[in-house]
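*Asks:* Fold the following and give me the result.
(one chain, ligands or ions: 1)
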Amino acid sequence: MNASCPPCHHLHPTGNRCGSPALRGEQFCFYHHPTRRPPVRTRLSNPPFYVPPIADPETLQIALSEILRRVADKTLDTRRARLLVTTLEMAKDNLPSYLNQSAPSPDLRP
Ligand SMILES: [Zn+2]
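*Replies:* Numbering: from 1, shown residues only. Model (predicted):
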């Protein structure tokens with residue numbers, strides 16, 4: 001690397017410099033230049049869908065909320081969402097019976 005082609009100033013998380021030639025008159029290479037547009041978000045760039053172990057109504061609600069959110073932001077297709085909801089219905093039926101019972105209503109009689 002010579003003075004007419006200085007290296008990119010970007011530091012990788014490891015502390016190493018990028019090493020690519022910087023753009024003419026700039027401090028960064030093409031890839032690390034601040035004006036570079038971020039890559040287009042694709043379906044593969046979505047974070048993985050973590051389904052918690054369904055052990056109680058709260059985790060069931062969390063999983064349902066995540067499915068709803070992903071359908072709403074169009075990162076989960078309805079066919080897959082339907083499959084997940086059906087599976088969660090089975091998980092709900094397998095919860096211990098005492099969790100499926102509603103709490104006794106309080107006696108409001110005077
Ligand atoms: Zn660079």
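
*Asks:* Assign a three-state SS to the nearest residue to residue 92 once chain neighbours are set aside, would you?
*Replies:* In space, and not counting its chain neighbours, residue 92 is closest to residue 60: 5.8 Å by Cβ to Cβ, 6 or more residues apart in numbering. (Glycine included, C-beta is placed from N, CA and C.) Classification of residue 60 by DSSP: H, G, I helix; E, B strand; the rest coil places it in helix.

*Asks:* count of neighbours near residue 60?
*Replies:* Neighbours of residue 60 under the rule other Cβ atoms under 10 Å: 18.

*Asks:* Was I right to think it contacts residue 88?
*Replies:* Yes. Look at residue 60 against residue 88 with Cβ atoms under 8 Å: they come within range, at 6.1 Å.

*Asks:* quick one: common contacting residues for the two?
*Replies:* Jointly contacting residue 60 and residue 88 under the rule Cβ atoms under 8 Å, 6 or more residues apart in numbering are residue 54.

*Asks:* circling back: measure the residue nearest to residue 92 to the ion for me?
*Replies:* Distance, residue 60 to the ion, using Cβ to the ion, to the nearest Å: 47 Å.

*Asks:* Could you do residue 80 as well?
*Replies:* Counting by Cβ to the ion - residue 80 and the ion are separated by 38 Å.

*Asks:* Equivalent analysis for residue 64, please.
*Replies:* 44 Å.

*Asks:* Please name the nearest non-neighbouring residue to that residue.
*Replies:* residue 88 (6.3 Å).

*Asks:* Double-check that that neighbour belongs to a strand.
*Replies:* No. Counting by three-state DSSP, one finds residue 88 to be helix, located in no strand.

*Asks:* Let me see the contact set for it.
*Replies:* Contacts of residue 88 by Cβ under 8 Å, 6+ apart are 54, 60, 63-64, 67.

*Asks:* neighbouring contacts of stretch 31-39?
*Replies:* Counting by Cβ under 8 Å, 6+ apart, 8, 10, 18, 20, 23, 26, 28, 30, 45 sit against stretch 31-39.
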